[in-house]
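**Q** here is the input, now give the coordinates:
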Amino acid sequence: MPTKSKVEEPTDKNQSQMMEMLRRVLLATVGAAVIAQEEIEALVNRLVERGEIAEKDGKKLVHEMMDKRKSKTTKVEDEISKNIEGVLDRMNIPSKADVEALSQKIAGLSKKIDELKKS
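**A** Numbering: from 1, shown residues only. Now for the predicted structure:
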């Protein structure tokens, strides 16, 4: 009767915990982005209503803030991707590029085997 080794169990738990943590981080990031956009628009609308800035300037300000938010979001996403890749590497989980490279090698070897069978 096969039993799981003690080393495999924590790895599986760590992987599922890591995936859950990543899911929560991504959901929190999306939620924060939506809230930030709503808050910026509400603030600018209040400024326009009070006459502190012109509507045209308000729209321009919202546009500028959204561009900055997108830029920062892209930087954060890149950082998260790098961190995830690092974690997956430490857990010895192959990347998509690793799997594709192995698939190409297997295809090449299969082709050579077929050629050898013909001769």
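**Q** quick check: residue 82 vs residue 52, distance?
**A** Taking C-beta to C-beta, to the nearest Å as the measure, residue 82 falls 41 Å from residue 52. Quick note: C-beta positions are derived from backbone N, CA and C, even for glycine.
**Q** cool, and residue 97?
**A** For residue 97, the distance to residue 52 equals 53 Å [C-beta to C-beta].
**Q** just the pLDDT at the most centrally placed residue in the chain, thanks.
**A** Closest residue to the average C-alpha location of the chain: residue 81 at 5.1 Å, with C-alpha atoms, centre = their mean. What the model reports as pLDDT for residue 81 is 82.
**Q** which strand or helix spans it?
**A** helix 55-90 (DSSP states H and E).
**Q** pull out the buried residues from that helix.
**A** Residues of helix 55-90 classed as buried: 58, 61-62, 65 (neighbour count, 16 or more other C-beta atoms under 10 Å).
**Q** in this protein, what spans have low per-residue confidence?
**A** Applying pLDDT under 70 to the chain flags the ranges 1-12, 14-15.
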